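Participant: Sequence and predicted structure are below.
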Amino acid sequence: VSPDLIDQLGRPLRDLRISVTDRCNFRCSYCMPKSIFGRDYRFLPQSDLLSFEELTRVAKAATLLGVKKIRITGGEPLLRKNLEALIEQLAELRTLEGAPLDITLTTNATLLAKKATALKQAGLKRVTVSLDALDDTIFQSMNDMGVPVKDVLHGIHAAQAAGLEQIKINMVVKRGTNDQEVLPMAKYFRGSGMALRFIEYMDVGQTNGWRMDEVLSSDAVRQMIHADMPLVELPATSKGETAQRWGYVGADGEHDPALGEVGFI
C-alpha cells in the first residue's frame, strides 16, 4: 500500500471527509433551500446510512493510504444520534506514523452546547462552525428556520469552554444578502483566538439558484477588511491548503499573531 497518493494537482491525499447524515435543521438558501428541501423531501432512511462500525472500517482503510485527518460533516452531523460514539472509535485509529488522527467536526453549532464536552472527551480535536451573520434578522433569514444567532454563539462558547482548540468560523458571503456583515464578523472574531474564513457563494448544481451577480469575490471581501483593518498575507501551513491566509497587522506594521487571522476560500 502506497502512502504517497496524490491528486492531479500534485496534492497529497491526507484528509477524509465523512458525511454522517444528509439531514439538516437549517434551510440556508445557498445550500438546502426550502423550495427543494421542503417537508416532502425524502432524506435517506436510517437503514441506508453506514453504521459507526462501517464508517470506522472505511476510515481505518484510509489511514493505510496515508490519511491523517478525518472531518465529520453532514448535513448537520450533530443530528446523528450518539455521534460521540463514532468519535471515540475514530480516536482509537492511528496514522502510518503511529500518531492519533486529527479529528474535526463541521457544524452549525446549534446543538453543540449540549454535545461539546462529550465530543471533546471522546477525542474530537477541532470544530469548524458555519455562521453567516451576527445580525439576528439577517441570520434568521439566511437559515430560514427562525434559529437565532445566540444559539450558534452559545455553541461556540461551549466548544471553547470544553477545551476544543483551533476553532474556525466559516461565513458564506452572498452579495445583497449578508455582505454588510463582513466587517462586523471580522471585528467580532479579531483577537478571539478563532480564525474566520470567508467563502465565496458557490454553485452547487441545480438546488441553490446560484447567480453570478450574487457572488462577492474573495478579493473584494479582503479589500473591504484591509481598508478598515490592515492585513498581511501569511504562508500556507500545508501544500494544497484550502484557504488563503491573511493576518491582522499590529501597531508596529507587522503581523500580530494575537490579533489572529482570516482566510478566503
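Facilitator: Yes, it's here.
Participant: can you give me the helices for this structure?
Facilitator: Here the chain has its helices, by DSSP state H, at 52-63, 83-91, 112-122, 136-143, 149-161, 182-189, 218-228.
Participant: neighbouring contacts of the longest one?
Facilitator: Outside of helix 149-161, the residues within contact range by C-beta atoms under 8 Å, 6 or more residues apart in numbering are 107-113, 116-117, 127, 129, 131, 133-136, 139-140, 167, 169, 193-194. All C-beta spots, glycine's among them, are computed from the backbone N, C-alpha and C.
Participant: Make CSV out of the helices of the chain and add mean neighbour count, distance to His255 and mean pLDDT.
Facilitator: Output for the helices of the chain, formatted as CSV (neighbours: other C-beta atoms under 10 Å; distance: least, C-beta to C-beta, whole Å; pLDDT from 0 to 100):
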stretch, mean neighbour count, distance to His255, mean pLDDT
helix 52-63, 16, 35, 97
helix 83-91, 20, 34, 98
helix 112-122, 19, 30, 97
helix 136-143, 18, 30, 97
helix 149-161, 18, 23, 97
helix 182-189, 18, 15, 98
helix 218-228, 15, 13, 96
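Participant: Output these as JSON lines; include the columns distance to Tyr41.
Facilitator: Output for these, formatted as JSON lines (distance: least, C-beta to C-beta, whole Å):
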{"stretch": "helix 52-63", "distance to Tyr41": "24"}
{"stretch": "helix 83-91", "distance to Tyr41": "22"}
{"stretch": "helix 112-122", "distance to Tyr41": "25"}
{"stretch": "helix 136-143", "distance to Tyr41": "17"}
{"stretch": "helix 149-161", "distance to Tyr41": "23"}
{"stretch": "helix 182-189", "distance to Tyr41": "30"}
{"stretch": "helix 218-228", "distance to Tyr41": "32"}
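Participant: Relative to Met32, which of those helices is closest?
Facilitator: Proximity to Met32 (C-beta to C-beta) singles out helix 136-143 among the helices of the chain, at 10.0 Å.
Participant: between that closest one and helix 182-189, how big is the angle?
Facilitator: Using axes from the mean of the first three to the mean of the last three C-alpha atoms, to 10 degrees, the inter-axis angle of helix 136-143 relative to helix 182-189 is 110 degrees.
Participant: Other residues contacting helix 136-143?
Facilitator: Residues outside helix 136-143 that contact it (C-beta under 8 Å, 6+ apart) are 26-29, 108, 131-133, 146-150, 152, 174, 177-178, 180-181.
Participant: again, only using 7 Å
Facilitator: For helix 136-143, contacts defined as C-beta atoms under 7 Å, 6 or more residues apart in numbering pick out 26-29, 132-133, 146-149, 177-178, 181.
Participant: can you list those in JSON lines and add distance to Thr242?
Facilitator: JSON lines is the format used below for the contacts of helix 136-143 (distance: C-beta to C-beta, whole Å):
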{"residue": "Phe26", "distance to Thr242": "22"}
{"residue": "Arg27", "distance to Thr242": "25"}
{"residue": "Cys28", "distance to Thr242": "20"}
{"residue": "Ser29", "distance to Thr242": "23"}
{"residue": "Asp132", "distance to Thr242": "18"}
{"residue": "Ala133", "distance to Thr242": "22"}
{"residue": "Gly146", "distance to Thr242": "31"}
{"residue": "Val147", "distance to Thr242": "26"}
{"residue": "Pro148", "distance to Thr242": "29"}
{"residue": "Val149", "distance to Thr242": "25"}
{"residue": "Thr177", "distance to Thr242": "23"}
{"residue": "Asn178", "distance to Thr242": "21"}
{"residue": "Glu181", "distance to Thr242": "22"}
